[in-house]
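Student: the sequence and its predicted three-dimensional model are supplied below.
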Amino acid sequence: MKQRIAIFISGRGSNMEAILTQAQHGILADCCEVVLVFANTREAYGLQIAQQFGVPTAVIESKGKKRQVFDQEVLALLEPFQLDYLVLAGYMRILSACVIERYHNRIINIHPADTNAYQGIHGYEWAFEQRLERTIITVHLVDEGVDTGCILAQREVDLRGASTLEEVKERGLRVEHALYSETLRGVFTRTFVI
Ligand code: GRF
């Protein structure tokens, strides 16, 4: 049975694009169907990419709304889609308890650092400023904290010789794009029991 998933984005959507590619004719093709791409702003460039893939999109503007109110609207929007998983890919909102409870252990996120070492935004800037020789990409379950959920997979990025932030991001994103779909496959085919 294919898992029904929604991908949540706020911006560029390169991880979303990688997942859509794998879901159409790659390692996710037999285990999931992306039934919705959701954004909290219509400015999210990834919406255009999703449309090119022929995937339904939806936007609820979060700006100026209280978190609880916004998240209740999101839950109401999602309900008819009968989703198995929410896959966050550059979604720049903290989810409130009502969402975490409704999709308990079924919300997954990718973080551009080791969540044990660094939480929150600007993970690549942190690695670059610290002149780290390596950083660790993390795919994890989402709980009520910020990047505190159970780690599903991690993969190292070699940063030696990366002299600009752009280079750090480029190397990191290459790993993100591969690791996210591989991990999702593990979850959707129950190689991971969560
Ligand atoms: C990625 O670095 C991801 O790890 C982080 O936000 C960024 C999103 O990039 N959570 P994109 O929108 O997938 O290109």
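Tutor: Structure received.

Student: next, count neighbours for the closest residue in space to Leu86 that isn't next to it in sequence.
Tutor: In space, Leu86 comes closest to Ile107 once its chain neighbours are excluded; the distance is 4.5 Å by CB to CB, 6 or more residues apart in numbering. Where you see a C-beta, it was placed from the backbone N, CA and C, and this is true even at glycine. A count of nearby residues for Ile107, using other CB atoms under 10 Å, gives 21.

Student: what's near enough to touch Ile107?
Tutor: Taking CB atoms under 8 Å, 6 or more residues apart in numbering, we find Ile107 in contact with 85-86, 88, 95, 99-100, 141-142.

Student: residues from the protein in reach of the ligand?
Tutor: Selection of the chain residues close to the ligand by CB under 6 Å from any ligand atom yields 9, 11-16, 89-90, 110-112, 176.

Student: let's see that with 8 Å instead.
Tutor: Proximity of the chain to the ligand (CB under 8 Å from any ligand atom) is limited to residues 9-18, 46, 88-92, 109-112, 121, 123-124, 137, 169, 172-173, 176.

Student: report the buried members of these.
Tutor: Among these, those scoring as buried are 9-11, 13-18, 46, 88-91, 109-112, 123-124, 137, 169, 172-173, 176 (criterion: 16 or more other CB atoms under 10 Å).

Student: from these, which land in strands?
Tutor: Counted as lying in strands by DSSP state E, out of these, are 9, 88, 109-111, 137.

Student: what stretches of this structure score poorly on pLDDT?
Tutor: Low-confidence regions of the chain, defined here as pLDDT under 70, cover residues 192-194.

Student: could I get the full set of strands for it?
Tutor: Using DSSP E, strands in the chain cover 3-9, 32-39, 57-59, 85-88, 107-111, 134-141, 151-158.

Student: coming back round to it: dump the ones in strands among the buried ones among the residues of the chain next to the ligand to CSV, plus distance to Glu129.
Tutor: Output for these, formatted as CSV (distance: CB to CB, whole Å):
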residue, distance to Glu129
Ile9, 26
Leu88, 25
Asn109, 23
Ile110, 21
His111, 17
Ile137, 18
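
Student: ok, these vs the ligand, which is closest?
Tutor: Ile110 (4.4 Å; CB to the nearest ligand atom).

Student: the closest one reaches Thr138, doesn't it?
Tutor: Yes: here Ile110 reaches Thr138: they are 7.2 Å apart, a contact under CB atoms under 8 Å.
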